[in-house]
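Trainee: curious how this folds, go ahead:
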Amino acid sequence: MALGSAIGTGLFYGSAEAIRMAGPSVLLAYLIGGVIAFIIMRALGEMSVNNPQASSFSRYAQDYLGPMAGYITGWTYCFEILIVAIADVTAFGIYMGVWFPDVQHWVWVLSIVLIIGAINLMSVKVFGELEFWFSFFKVATIIIMIVAGIGIIVWGIGNGGQATGIS
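Mentor: Below you'll find the predicted structure:
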């Protein structure tokens, strides 16, 4: 579930446009970003071991940098979550618009907001079960995309049997 929670809409929606514009160099950018995220998570882990408190990571900013840093960190994270939620429902509307072009995007956005709201109102057991299956679906989709990509590159699946190669 942790891996599924880390996989967001941007991986499916944003990566395609980035790869189309910049090509394979995007993989290098993802690698650099992943290394930076790994270093930050290691530092956060060290801070949580040295200062075990039941609190958010903004507490570490408050403890080590001062109250203003903690305040700004907490509200910045809140703002980031709101922006990501808006981007996610917008991407859902765009995806559904591809399959159902006659339906306006706002209908899909409203429907997913209502569905997510209903899921959040369910019991923890139901929410956990749904989160498990949503995470499974996201991880399985990525694995299928990797296998399909290898099939296109090596065996030319979907390209009339002409292997495209890595170039």
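Trainee: what is the neighbour count of Gly93?
Mentor: Residues lying near Gly93 (other C-beta atoms under 10 Å) number 19. To be clear about C-beta, it is placed using only N, CA and C from the backbone, and glycine gets the same treatment.
Trainee: what sits closest to it if chain neighbours are left out?
Mentor: Nearest-residue entry for Gly93: His105, 3.8 Å, with adjacent residues in sequence omitted and distances by C-beta to C-beta, 6 or more residues apart in numbering.
Trainee: can you read off the pLDDT for that neighbour?
Mentor: In the predicted model, His105 carries a pLDDT score of 91.
Trainee: from Gly45, how far out is it?
Mentor: Plainly put, His105 is 40 Å away from Gly45 if you go by C-beta to C-beta, to the nearest Å.
Trainee: what is the helix or strand harbouring Ile119 packed up against?
Mentor: Here Ile119 sits within helix 105-120, counting by DSSP states H and E. In terms of contacts (3 or more C-beta pairs under 8 Å, 6 or more residues apart in numbering; DSSP states H and E), helix 105-120 is packed against helix 67-99, helix 124-155.
Trainee: now do the buried residues in that helix.
Mentor: Trp108, Val109, Ile112 (16 or more other C-beta atoms under 10 Å).
Trainee: same check, this time on stretch 86-93
Mentor: Asp88, Val89, Thr90, Ala91, Phe92, Gly93.
Trainee: which one of these is nearest to Glu17?
Mentor: Using C-beta to C-beta, Ala91 comes nearest to Glu17 of the buried residues of stretch 86-93, at 11.4 Å.
Trainee: for the closest one, what are its contacts?
Mentor: With contacts defined as C-beta atoms under 8 Å, 6 or more residues apart in numbering, the neighbours of Ala91 are Thr9, Gly10, Phe12, Tyr13.
Trainee: now with 7 Å?
Mentor: Listed by C-beta atoms under 7 Å, 6 or more residues apart in numbering, the contact set of Ala91 reads Thr9, Tyr13.
Trainee: any idea how far it lies from Ile143?
Mentor: Spatial separation of Ala91 from Ile143 under the definition C-beta to C-beta is 21 Å.
Trainee: just list the residues touching the residue nearest to Gly93, thanks.
Mentor: When the contact criterion is C-beta under 7 Å, 6+ apart, the partners of His105 are Gly93, Ile94, Gly97.
Trainee: would you convert these into TSV that also reports distance to Leu121?
Mentor: As requested, those are arranged in TSV below (distance: C-beta to C-beta, whole Å):
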residue	distance to Leu121
Gly93	22
Ile94	26
Gly97	27
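Trainee: of the residues you listed, closest to Ile150?
Mentor: Ile94 (27.2 Å).
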